[in-house]
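K.L.:
Sequence first, predicted coordinates after that:
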Amino acid sequence: MRSQHIWTSRDGGGRKREVRVTKFGGNWKFQAKFHDEEGWTYYDVPPIDDLRELRDIIFRKYQRRRASAEDFAAVDKMLRDQTRDG
């Protein structure tokens with residue numbers, strides 16, 4: 001089953017950035033773009049801040065029964081693996 005999580009944030013200069021994370025078939029796809037850019041940037045290894053934000057979003061959705069425990073565990077593992085390696 002496909003799930004999608006979308007949020008916006010601002011960088012230090014005040015530029016608005018949209019992030020989309022889609023899970024389909026057990027694979028997570030991260031993409032982001034600034035509002036003044038034409039195309040999306042796709043990440044094989046997502047930025048650590050995006051992983052932290054996704055973890056928080058999925059945790060809040062899980063509490064409302066709109067996300068699975070497996071999704072939360074998968075994102076939490078990705079975050080732990082990236083912080084351990086980096």
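P.N.:
Sure, I can see it.
K.L.:
Can you tell me the closest non-neighbouring residue to Ser9?
P.N.:
What sits nearest to Ser9 in space, not counting adjacent residues and going by CB to CB, 6 or more residues apart in numbering, is Arg17, at 5.4 Å. (Glycine included, C-beta is placed from N, CA and C.)
K.L.:
neighbouring strands for whichever strand or helix holds the one you found, and are they parallel or not?
P.N.:
For Arg17, the element it lies in under DSSP states H and E is strand 16-24. Paired with strand 16-24 in the same sheet, following DSSP bridges, are strand 3-10 (antiparallel), strand 27-34 (antiparallel).
K.L.:
What lies in contact with the last one?
P.N.:
Contacts of strand 27-34 from elsewhere in the structure, counted by CB atoms under 8 Å, 6 or more residues apart in numbering, are 11, 15-23, 39-43, 46, 50, 74-75, 78.
K.L.:
secondary structure class for the residue nearest the centre of the chain?
P.N.:
In the chain, the C-alpha closest to the average C-alpha coordinate belongs to Leu54, at a distance of 4.1 Å (CA atoms, centre = their mean). At Leu54 the chain is in helix, as set by DSSP: H, G, I helix; E, B strand; the rest coil.
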